[in-house]
Each structure stands twice: as C-alpha cells, then as structure tokens.
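S.K.: what's the 3D shape of this:
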Amino acid sequence: MKKVIALSSLLALGALGMACGDTANTNTNTNANVLNTNMNANTTMNTNMNANMNTNSAVGNATNSAANVAANAANAAANAANAAANAANSIASNSNANRP
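M.R.: Numbering: from 1, shown residues only. Coordinates of the predicted model:
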C-alpha cells in the first residue's frame, strides 16, 4: 500500500509539474509575442520619424535655397543701385568740372 501511495504522489507531482510547465511556456510565448508586437510598433514609429525628418530636411533645404535666392537678388539690386549712384556722381563731377 505504501508503494501505491508513493507512486500516486509521484504521478500527482509529475502532473502538477507538467501543468505548471505548460503555463510557463504559454506565458513565455505570450510575453514574447507582446514584445515582438511592441518592437514592430517601435520600428514603424522609427520609420515614420525618419520619413518626417527627411521631409523636414527637404523643407529646410528649400527654405535655405529660397533665402539664398532672395539674398542674391538683394545683392544684385544693391549693386545696381551703387552703379547708378556712381554713374550719377561721375556725371555731376564732370558737369562741375566743365563749369567756368
């Protein structure tokens, strides 16, 4: 009878161990799936952030180009104004030099 009780106890403990083992495996798989889902979400977020960063860089480059065009136009206008002023001064100087 003692052998039957001991064997039954051993079988019960084995069954309990297998049941707990299955639960642990299920929890581990569930946790791994959750981690994979989160990792995929983070990867998607990083991809979107990179796309936004690239867009922002393109906008910044376009803004810099526009600013350069405007600065070049302003410089051209200033140079033209200086040339006109120099021409007017030259004419005035020559006119005054020819006066008696």
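S.K.: What count of nearby residues applies to residue 48?
M.R.: If you count neighbours by other Cβ atoms under 10 Å, residue 48 ends up with 10. The way it works is simple: take the backbone N, C-alpha and C, and place the C-beta from them, glycine included.
S.K.: and the host helix or strand of it, average pLDDT?
M.R.: Using DSSP states H and E, residue 48 maps to helix 2-97. Helix 2-97 shows a mean pLDDT of 85.
S.K.: Figure out how far that helix is from the centre of its chain.
M.R.: 2 Å (Cα atoms, centre = their mean, to the nearest Å).
S.K.: What is that helix packed up against?
M.R.: Packing contacts for helix 2-97, counted by 3 or more Cβ pairs under 8 Å, 6 or more residues apart in numbering; DSSP states H and E, involve no helix or strand.
S.K.: quick one: residue 93 and residue 84, what's the gap?
M.R.: Distance, residue 93 to residue 84, using Cβ to Cβ, to the nearest Å: 15 Å.
S.K.: right, I mislabeled it, should have said residue 95
M.R.: Applying Cβ to Cβ to residue 95 and residue 84 gives a distance of 16 Å.
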